[in-house]
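> Need the 3D shape of this:
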Amino acid sequence: MHLKSARKAKSEPVPSERSARPVALLQWYDRHRRRLPWRAAPGETSDPYRVWLSEIMLQQTTVRAVGPYFEKFVARWPDVTALGRASLDDVLRMWAGLGYYSRARNLHACAVSVTREHGGSFPDTEEALRALPGIGPYTAAAIAAIAFDRRTMPVDGNIERVVSRLFAVEEELPQAKPLIQRLAATLLADSRAGDSAQALMDLGASICTPKKPACSLCPINEDCTARAQGTQETFPRKAPKKSGALRRGAAFVVTRGNELLVRSRPEKGLLGGMTEVPGSDWIAGQDDAAAKLQAPELKGLSRWQRKVGVVTHVFTHFPLELVVYTAKAEARARAPAGMRWVPIATLAGEALPNVMRKVIAHGLELSRDPSS
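Sure thing, here's the model as predicted:
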């Protein structure tokens, strides 16, 4: 029994019972909080819609990248009811370029659910929030804490880093997540749960950064185990990433005067519902000849020209290489079934994922992103 207890104590850091850390964090936050477009000003009540929208956008994306998209969304759809009444196509177009497009589909589905089933008001408990489309444990906790001041601690990447250093959590991610969650909860103040969470988020974003953390400016540096050991930058511990096999394919850029041939991807699956130029399957080990056989067929089409080089893109689970072929269609050529002609000048209005922006820029030899 004694040995088992010792092992547990070694693997799971134990915070002090009456810690002053939560108070120190809030005092620091009140002086140094970031000004963010979705964050309520001091003394104001947070808008659940803006909290939810920002949290969905910020998943696997930086604050800097999200800012302009957030502003566009709230200008177009100022509340969840307005977003719930929008079409999915419009939402995908507005989202284009932000990546991880399943988030946009879930965003729209959630807005529809809140509008139809909750009268346009977000539920105020984690349990009810988690029942909504696209809202997982973290997002539910973030909305509950920040928008409704529920006493819960959402743990994002910034908080994960702060906590793993503060307690020198040796266990590797992702296995360490439950332990980090428990330790993070000890940093909640008796009140102002949302501010406690945002204080840790801001601390990780501005002070406890991945590289060269500014430990001397940290309000809880004297309690940090990793700093005492001089091992700050080695936390959090992470298991080696497994990258998928390289997939290859072909993309076909077909023009008819000032128009481009495009189609929409299936609603389900990778880049679901997004706009793309016709292309082959993306598979590992595919050779160029096999990919080219999947080119679209149009009457009076010129000979295919292969562009020099390849377009590369990295998805979460695999890297991709695309060979790009171009051809010109006759003025009256009809689009094949399931495809359509769109003016090149209006590509900004299409829901083009980043990989397709690269393909089109390469195929049309554009000097910049065709949607910019």
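
> switch to C-alpha atoms for all contacts and neighbour counts from now on
OK.

> Only the buried residues of the longest helix along the chain, if you could.
In the chain, with assignment by DSSP state H, the single longest helix is helix 102-117. Using 16 or more other CA atoms under 10 Å as the test for burial, helix 102-117 gives 102-115.

> Please enumerate residues in contact with that helix?
Identification of contacts with helix 102-117 by CA atoms under 8 Å, 6 or more residues apart in numbering yields 53, 56-57, 80-81, 83-85, 88, 91-92, 95, 120-122, 132-134, 270-272.

> Show me how this protein divides into domains.
Split into domains by automatic domain parsing, the chain comes to 10-154+176-204, 247-364.

> Now do the helix or strand hosting residue 254: distance to the chain's middle.
Assigned by DSSP states H and E, residue 254 belongs to strand 247-256. The chain centre lies 27 Å from the centre of strand 247-256; the measure is CA atoms, centre = their mean, to the nearest Å.

> Could you do stretch 171-189 as well?
21 Å.

> Go through it and flag the buried ones.
So, applying 16+ other CA under 10 Å, buried residues of stretch 171-189: 171, 173, 176, 179-181, 183-189.

> Alpha carbons only: can I get that stretch in CSV?
Taking Å, rounded to 0.1, in the frame of the first residue of the first chain, the C-alpha atoms of stretch 171-189 are listed here in CSV:
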residue,chain,number,x,y,z
GLU,A,171,3.2,12.1,-18.4
GLU,A,172,3.0,12.6,-22.2
LEU,A,173,0.1,14.1,-24.1
PRO,A,174,-2.5,13.1,-25.0
GLN,A,175,-2.6,10.6,-22.1
ALA,A,176,-1.8,13.4,-19.6
LYS,A,177,-5.0,15.4,-20.5
PRO,A,178,-7.2,14.0,-17.6
LEU,A,179,-4.5,14.8,-15.0
ILE,A,180,-3.9,18.3,-16.5
GLN,A,181,-7.7,18.9,-16.4
ARG,A,182,-7.7,18.0,-12.6
LEU,A,183,-4.8,20.2,-11.9
ALA,A,184,-6.1,23.1,-13.9
ALA,A,185,-9.3,23.0,-11.9
THR,A,186,-7.3,23.9,-8.7
LEU,A,187,-6.6,27.3,-10.3
LEU,A,188,-10.2,28.3,-10.3
ALA,A,189,-11.0,31.2,-8.1
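
> I figured residue 201 hits residue 161, correct?
No: here residue 201 does not reach residue 161: they are 9.6 Å apart, not a contact under CA atoms under 8 Å.

> I'd like to know the average pLDDT value across the longest helix of the chain.
Averaged across helix 102-117, the pLDDT comes to 95.

> Next: stretch 214-233.
The model assigns stretch 214-233 a mean pLDDT of 96.

> export it as PDB, just CAs?
Output in PDB follows, covering the C-alpha atoms of stretch 214-233 (Å, rounded to 0.1, in the frame of the first residue of the first chain):
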ATOM      1  CA  ALA A 214       9.100  35.200 -20.000                       C
ATOM      2  CA  CYS A 215       9.100  33.500 -16.600                       C
ATOM      3  CA  SER A 216      10.300  36.600 -14.800                       C
ATOM      4  CA  LEU A 217       7.000  38.300 -15.700                       C
ATOM      5  CA  CYS A 218       4.800  35.400 -14.600                       C
ATOM      6  CA  PRO A 219       2.600  36.100 -11.600                       C
ATOM      7  CA  ILE A 220       2.900  32.600 -10.300                       C
ATOM      8  CA  ASN A 221       6.600  31.900 -11.200                       C
ATOM      9  CA  GLU A 222       7.700  31.300  -7.700                       C
ATOM     10  CA  ASP A 223       5.400  28.200  -7.600                       C
ATOM     11  CA  CYS A 224       6.400  26.800 -10.900                       C
ATOM     12  CA  THR A 225       8.100  23.500 -10.600                       C
ATOM     13  CA  ALA A 226       9.500  23.400 -14.200                       C
ATOM     14  CA  ARG A 227      11.000  26.900 -13.700                       C
ATOM     15  CA  ALA A 228      12.700  25.700 -10.500                       C
ATOM     16  CA  GLN A 229      14.200  22.800 -12.400                       C
ATOM     17  CA  GLY A 230      15.100  25.000 -15.400                       C
ATOM     18  CA  THR A 231      13.100  22.700 -17.700                       C
ATOM     19  CA  GLN A 232      10.300  25.000 -18.800                       C
ATOM     20  CA  GLU A 233      10.700  24.500 -22.600                       C
END
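
> Give the buried residues for that stretch.
Neighbour-count burial for stretch 214-233 [16+ other CA under 10 Å]: 215, 218-221, 223-227, 232-233.

> quick one: which two of those residues are the most distant?
Checked with CA to CA, these reach their widest spread between 219 and 233, with 17.9 Å between them.

> measure the closest residue to residue 317 other than its chain neighbours to residue 288 for me?
Nearest residue to residue 317, sequence neighbours excluded (CA to CA, 6 or more residues apart in numbering): residue 244, at 5.3 Å. Counting by CA to CA, to the nearest Å, the gap from residue 244 to residue 288 is 20 Å.

> which phi and psi does residue 316 have?
phi -60, psi -40 (degrees, to the nearest 10).

> how close does it get to residue 104?
16 Å.

> What of residue 282?
23 Å.

> How about residue 302?
Residue 302 sits 37 Å away from residue 104, going by CA to CA.

> so where's this protein uncertain?
Applying pLDDT under 70 to the chain flags the ranges 1-18, 366-372.

> got the residue ranges for the strands in it?
Secondary structure of the chain (DSSP state E): strands located at 247-256, 259-264, 275-276, 283-284, 305-306, 311-314, 319-328, 339-343.

> Helices of the stretch 201-350 of the chain, residue ranges please.
225-229, 288-292 (DSSP state H, counting those that start in this stretch).

> so what secondary structure elements neighbour the first one?
If contacts are counted by 3 or more CA pairs under 8 Å, 6 or more residues apart in numbering; DSSP states H and E, helix 225-229 sits against helix 157-166.
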